[in-house]
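Peer 1: generate coordinates for the sequence data below:
(2 chains)
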Amino acid sequence: MYNYYLTIVLAPLIAAIVTGLFGKQVGRAGAHGLTILGVGLSCALSFVVLYQMVWGGASPENISVYTWAVTDGLRMEVGFLVDRLSALMMCVVTFVSLMVHIYTIGYMHDDPGYQRFFSYISLFTFSMLMLVMSNNFLQLFFGWEAVGLVSYLLIGFWYKKETAIFANLKAFLVNRVGDFGFILGIAGVVMLTNSLDYATVFGQADYIAGETLEVIPGTAWNAMTVICILLFIGAMGKSAQAPLHVWLPDSMEGPTPISALIHAATMVTAGIFMVARMSPLYELTTTALSVVIVIGAITAFFMGLLGIVQNDIKRVVAYSTLSQLGYMTVALGASAYSAAIFHLMTHAFFKALLFLAAGSVIIAMHHEQDIRKMGGLKKYMPITYWTALIGSLALIGFPGSAGFFSKDLLIEAVADSHWKGQGAVYWIAYLSVLLGVFVTALYSFRMFFLVFHGEERMDAETKSHLHETPLVVTGPLILLAIPSAVIGWITVEAILFGGFFGDAIVTSAARPDVLQELGSHWHGSLALLLHAPMTPVFWLAAAGVGAAWYLWLKRPDIPEAMHKKFSGLYNLLDRKYYFDDLWIKGFAGGGRSLGNLLWQKGDQTVIDGWLVNGTANTVGRLAGIVRQIQTGYLYTYAFAMIIGLTALLSWLVWFR
Amino acid sequence: MELSNLLSILIWTPIVGGFVILALGDGGDAESSRAGLMRQASLAVSVVTFLISILLYTGFDTTTASMQFVERVPWIETLNVYYYLGVDGISAPLILLTTFITPLVVIAGWNTIKIRPAQYFAAFLILEGLMVGVFSALDGILFYVFWEAMLVPMFLIIGVWGGARRIYATVKFFLYTFLGSVLMLVAFIYLYRVTGTYDLFAFMEAPISMTAQKLIFIGFLLAFAVKVPMWPVHTWLPDAHVEAPTGGSVILAAIMLKMGGYGFVRLSLPIVPDASEYFAGLMIALSLIAVVYIGFVALMQKDMKKLIAYSSIAHMGFVTLGFFLNWHIGGDSGAVLGISGGMVQMVSHGLISGAMFLCVGVLYDRMHSRMIADYGGVANTMPMFAAFMVLFAMANAGLPGTSGFVGEFMVIIASFKANFWFAFLAATTLVLGAAYTLWMIKRVVYGDIANDKVAALKDLNSREFVVLSILAISVLLVGLWPAPLVDMMNVTIENLVSQISQPKVG
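Peer 2: Numbering: from 1, shown residues only, chains lettered A, B, ... in the order given. As a prediction, this is how the structure comes out:
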């Protein structure tokens, strides 16, 4: 299998390098041909690997590829850990990537940076695969930062746009704040185990949990808690959890295919994947899990609310992504790692679908993204309409859809988790994910109705050109709509209740395993489906859709009126709880002021002004005084000599 | 193939070549065929030196900590001074860096030096030989001679081919560094009085009282801290860089700053280990100030060269941080990691800062401005250049996969072993380094075409392309596979750590 793994990783890399360096020579067709070939090969082999893992009886493999460096007894290696967790991620990543590659042929059709774009997304696929297939923290960090790099390059793909290059800098820096915590977490792991290898570190998990760190002198902190929180800060950056979420909505400045691939389906889920991968560590620290679950809950609910006031089609979907990532994080915090990964998978399909559908709408609307200027697109774009409907239903968890299984069970897992009866943490988490269902349905169908139904609000010029997008665009939509509809039904039992991940995901033996408990009540997909109308989740979603229909289709005057009446609340949401101001004016502005202060006062005034040039000036002034003695007249020197001689002789005579 | 006097060849080939070129001259006309011949001769000398230095790599034994390629002949017998050369895992990578960067600098200055090209190239060749001399000298006086002689060509390079305020910059540069190094000479003379020789190994073995150790340490510190440069004796560097011609900046950043770091590991740590332990806290504090304080200062620079100069100071902070962690690490591992990290950071910074200064040079040659505000949207007219500049910027921001990551990663991990807050402050570079570097990239490379001058820019010519490609490949190579570099140093550093952990108070 080793050669399979190498090919899976290297095929997209080679395609990216060739297209990137020889874009002119390979041409447009060559660019998409090569990269699709590379990613397609990766995708096919990933499915083979998954098949082997699940049905072929292949056991997890932990292989070293090469030694990066060894020093001080610390082996730093590049290698693969392929088990069912990574195999599943590999399939999700390469499949969505392949769809996006094909879609891009249509979406970027007229763009002068065609080859560059394909090179970047192929490079992204490589980086993401390195991340999920890694068997050690070093390579994890490499993949982690490399996907960040490609995200930076792609958000700023249209580098002439001021907003785009602002957004990509912001994304990179906010992610770096997360990585700051992440690298400290890794350093903590190395300090205690002197190893970067997952297997070795997990093997010493109990030892780490028994150690303490003096973060503040004189206080003992549990080492595992500190390390897991530091690692989670990294996940907060990459998976856009509050308050490090601010970069994700702005990342929508990038072309839509990458919003689907990077900022919805794959890269932003890296944090979720990482925590699941580190489950042997997280399970040993309830404190860190409580941080995880609360941050996730806040993100799930409050970021969802923001989706309601957005008017840019992509930003609505972006806030929905934030909220769904919050859901996954809550599941992690509830020790329901499989539920998080399961939602990650279904979300990858339906969210990529929604983004690509939004992109299809944007193409048809000639790059208009404001949903207030759309409406009634249903009759012009039937394929986009139906696929977007499937995506939206999956997102709100409509019974039977992929999202239904993953979200419903995620919420049940949270409800029955070990946090039950633990007070505030439990209620924050549970109510957030529960009420979030209503919010999700509200903003999703607000957008859906405003775009596809109701009055046609676009100008006549745009309207006259409206038509369905070409097959390269609609094809991927259909191919993504299929798993969005059915993947939950097919896989839920295996992934959640079959001990699918084996040893890849560990839950603490000290607590009942919540998924095992859910599994004991499990009577098959059909039973869950029939049970759906008896759950609050179903009615909350239905209420959300109903409210969206009433407010934005039936009585659009009500939102207008509410908007005026509750302008304070509206502003709070519109300004995104003022988090952007905190980051941009507070931290970035503060940093610049501090920089100026240190430079002008510290360097220029104190060090250079007083010390360096001050010394030089003092020497100069002293020299000026001493120079007075050097008159150049012979008699002055003769006089000085006589004085000196007299003094010397006197000293010799009287004092010796 | 084993050459018994390889180091001498590496030192004297460029120096002799440089003097020959200097003597022949270009006849005062940069366009003349004679000037062209001198250019080619300079390139030939530097390339041949580099090719010979490959023997140093191939013949290097990574399994021993003792000196290799040793040459030892009496020089001034009455003072017991020897012409004593040799390399180990600490000096060999830096010599290779020197011989690698010099030809690139020669190529980079090919057409851009319009006045006295022969002298310009000769100065770089002579400087190269002297720098190799510093890295291979094992006799105090020999070391000192090379060390001070190095100032002369650099002084001339900035003073003759520099910018408008070059006289201020050269005098500042000279006084700053000279004041520091004179005290090093005093320390050497004291050590001579104790040991009766200038042999560095005798210095290392001799027991020295704590008071004397402290004074010697301070003498060394002033010499090396200025060179690194450490906060607060860093203010000569931005001025020197801004005024230096591109080649001067490259050599200054890529190699001359390394002299300071090299001095600490070659002299301070092994000769006065107890004083090093005594001052380690101070050194770590100064290093962390360099990382954080200078990081903020770099953010606000309006001049690209100043920005990169400040970024150099911050990155060199990692070097000194790594070197002095030894005494703050409780466990049995980490010290080697810290020193290796510092060493890798030196090599990597040599490549990256050199590349960054070359990038600014490429822009300066076209627009005659270093100010960030004069640029914007360079990617529109110079896409190839933009790709290189973004790559080097990412390396400067320590992206994994580039050499910039390797040293920082190792030092951060080692410093966590010493103290959480050391690592915390060091790791701020992840944010600060990215902020100042990429904000500059945003304003210079990205955006719409800012003005007519940018609109008229021509992309890289083949000469520039070759130089930047070579650097790009090396930055990626070290980033993706640092093992050869790390293996070269391992045994030497392990030996150093066990050596400095023994008290030698006499």
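Peer 1: residues contacting residue A:375?
Peer 2: A:450-458 (CB atoms under 8 Å, 6 or more residues apart in numbering or on different chains). For the C-beta atoms, the positions are set from N, CA and C on the backbone; glycine is no exception.
Peer 1: do that again at 10 Å, thanks
Peer 2: By CB atoms under 10 Å, 6 or more residues apart in numbering or on different chains, residue A:375 lies in contact with A:449-458, A:553.
Peer 1: residue B:277 contacts residue B:500, doesn't it?
Peer 2: Yes. Using CB atoms under 10 Å, residue B:277 is in contact with residue B:500, at 8.2 Å.
Peer 1: max-length strand in the chain?
Peer 2: Since no chain was named, I'll use chain A. Ranked by number of residues, the top strand in chain A under DSSP state E is strand A:61-71.
Peer 1: if you could check chain B rather than the one you did, that'd help
Peer 2: For chain B, the strand with the greatest residue count under DSSP E is strand B:68-76.
Peer 1: tell me what the helix or strand following that one is packed against?
Peer 2: The helix or strand immediately downstream of strand B:68-76 is strand B:81-87, counting by DSSP states H and E. Contacts defined by 3 or more CB pairs under 10 Å, 6 or more residues apart in numbering or on different chains; DSSP states H and E place strand B:81-87 against helix B:6-24, strand B:68-76, helix B:91-108, helix B:117-136, helix B:140-149, helix B:200-205.
Peer 1: comparing these, which comes out most buried?
Peer 2: Of all the helices and strands packed on strand B:81-87, helix B:117-136 carries the top mean neighbour count, a mean of 27, counting by mean count of other CB atoms under 10 Å in any protein chain shown.
Peer 1: got the angle between that one and strand B:68-76?
Peer 2: Angle of helix B:117-136 versus strand B:68-76, following axes from the mean of the first three to the mean of the last three CA atoms, to 10 degrees, is 100 degrees.
Peer 1: helix B:117-136 versus strand B:81-87: what angle between them?
Peer 2: 90 degrees.
Peer 1: if I take helix B:117-136 and helix B:140-149, what angle do their directions form?
Peer 2: Using the same axes, to 10 degrees: helix B:117-136 against helix B:140-149 is 150 degrees.
Peer 1: which of the helices and strands packed on strand B:81-87 sits closest to residue A:534?
Peer 2: With CB to CB as the measure, helix B:91-108 is the member of these nearest residue A:534 (70.6 Å).
Peer 1: tell me where the model's unsure across the stretch 1-150 of chain B.
Peer 2: B:1-3 (pLDDT under 70).
Peer 1: returning to what we had before: okay, residue B:277 and residue B:500: which has more neighbours?
Peer 2: residue B:500 (24 against 19; other CB atoms under 10 Å in any protein chain shown).
Peer 1: list the contacts for that one?
Peer 2: Shown in contact with residue B:500 (CB under 10 Å, 6+ apart): B:204, B:265, B:268-274, B:276-277, B:326-327, B:335, B:339.
Peer 1: restricting to C-alpha, output the longest strand of chain B in PDB.
Peer 2: In PDB, the C-alpha atoms belonging to strand B:68-76 read as follows (Å, rounded to 0.1, in the frame of the first residue of the first chain):
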ATOM      1  CA  GLN B  68      39.300  18.700  10.500                       C
ATOM      2  CA  PHE B  69      41.400  20.000   7.600                       C
ATOM      3  CA  VAL B  70      43.800  21.300  10.200                       C
ATOM      4  CA  GLU B  71      46.800  23.400   9.200                       C
ATOM      5  CA  ARG B  72      49.200  24.700  11.800                       C
ATOM      6  CA  VAL B  73      52.500  26.500  11.200                       C
ATOM      7  CA  PRO B  74      54.300  29.100  13.400                       C
ATOM      8  CA  TRP B  75      53.600  32.600  12.400                       C
ATOM      9  CA  ILE B  76      55.000  35.000  15.000                       C
END
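Peer 1: re the thing from before, joint contacts of residue B:277 and residue B:500?
Peer 2: Joint contacts of residue B:277 and residue B:500 (CB under 10 Å, 6+ apart) are B:269, B:326-327.
Peer 1: narrow the residues you listed to those in helices?
Peer 2: residue B:269 (DSSP state H).
Peer 1: of all the residues in stretch B:230-238, which ones are buried?
Peer 2: B:230-238 (16 or more other CB atoms under 10 Å in any protein chain shown).
Peer 1: out of the residues you listed, which are close to chain A?
Peer 2: Counting by CB under 10 Å from any CB of the partner chain, B:231-236, B:238 from those sit close to chain A.
Peer 1: identify the residue nearest residue A:468 in space, chain neighbours excluded?
Peer 2: Spatial nearest neighbour of residue A:468, chain neighbours left out: residue A:381 (4.9 Å); criterion: CB to CB, 6 or more residues apart in numbering or on different chains.
Peer 1: the one you found: neighbouring residues, count only.
Peer 2: Going by other CB under 10 Å, the residues that sit close to residue A:381 add up to 24.
Peer 1: swap in the one 4 residues further on?
Peer 2: Other residues lying near residue A:385 total 21 when counted by other CB under 10 Å.
Peer 1: please look at it and residue A:453 and confirm they touch.
Peer 2: Yes. With contact defined as CB under 10 Å, residue A:385 counts as touching residue A:453 (9.4 Å).
Peer 1: common neighbours of the two, please.
Peer 2: By CB under 10 Å, 6+ apart, the residues touching both residue A:385 and residue A:453 are A:377-378.
Peer 1: all strands of the stretch 151-300 of chain A, in order?
Peer 2: A:212-213, A:221-222 (DSSP state E, counting those that start in this stretch).
Peer 1: tell me the contacts of the residue in the stretch 201-350 of chain A that chain B sits nearest to?
Peer 2: Nearest to chain B in the stretch 201-350 of chain A, going by CB to the nearest CB, is residue A:215, at a distance of 5.3 Å. Taking CB under 10 Å, 6+ apart, we find residue A:215 in contact with A:221, A:223, A:226, B:419-421, B:424.
Peer 1: out of those, the closest to residue B:504 would be?
Peer 2: residue B:419 (25.8 Å).
Peer 1: number of nearby residues for that closest one?
Peer 2: If you count neighbours by other CB under 10 Å, residue B:419 ends up with 18.
Peer 1: wait, isn't it in contact with residue B:328?
Peer 2: Yes. If you go by CB under 10 Å, residue B:419 and residue B:328 touch, sitting 6.2 Å apart.
Peer 1: anything in contact with each of the two?
Peer 2: Counting by CB under 10 Å, 6+ apart, the common neighbours of residue B:419 and residue B:328 are residue B:284.
Peer 1: before we move on, the earlier item: out of the ones next to chain A among the buried residues of stretch B:230-238, name the ones that lie in helices.
Peer 2: If you go by DSSP H, these have B:236, B:238 in helices.
Peer 1: export the ones next to chain A among the buried residues of stretch B:230-238 to CSV and tack on distance to residue B:144?
Peer 2: As requested, those are exported to CSV (distance: CB to CB, whole Å):
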residue, distance to residue B:144
B:231, 25
B:232, 25
B:233, 19
B:234, 23
B:235, 25
B:236, 20
B:238, 27
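Peer 1: so how far is residue A:525 from residue A:401?
Peer 2: 12 Å (CB to CB, to the nearest Å).
Peer 1: between the two, which is the more surrounded one?
Peer 2: Legend: neighbour count by other CB under 10 Å for residue A:401 and residue A:525, higher for residue A:401 (25 against 17).
Peer 1: where does pLDDT dip in the stretch 451-600 of chain A?
Peer 2: Applying pLDDT under 70 to the stretch 451-600 of chain A picks out no residues at all.
Peer 1: who in it is up against chain B?
Peer 2: Near chain B, when you scan the stretch 451-600 of chain A using CB under 10 Å from any CB, you find A:587-588, A:591-600.
Peer 1: adding neighbour count and secondary structure, write the residues you listed out as JSON lines.
Peer 2: Formatted as JSON lines, those follow (neighbours: other CB atoms under 10 Å in any protein chain shown; DSSP: H, G, I helix; E, B strand; the rest coil):
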{"residue": "A:587", "neighbour count": "15", "secondary structure": "helix"}
{"residue": "A:588", "neighbour count": "17", "secondary structure": "helix"}
{"residue": "A:591", "neighbour count": "19", "secondary structure": "helix"}
{"residue": "A:592", "neighbour count": "15", "secondary structure": "helix"}
{"residue": "A:593", "neighbour count": "12", "secondary structure": "helix"}
{"residue": "A:594", "neighbour count": "17", "secondary structure": "helix"}
{"residue": "A:595", "neighbour count": "23", "secondary structure": "helix"}
{"residue": "A:596", "neighbour count": "14", "secondary structure": "helix"}
{"residue": "A:597", "neighbour count": "13", "secondary structure": "helix"}
{"residue": "A:598", "neighbour count": "21", "secondary structure": "helix"}
{"residue": "A:599", "neighbour count": "22", "secondary structure": "helix"}
{"residue": "A:600", "neighbour count": "13", "secondary structure": "helix"}
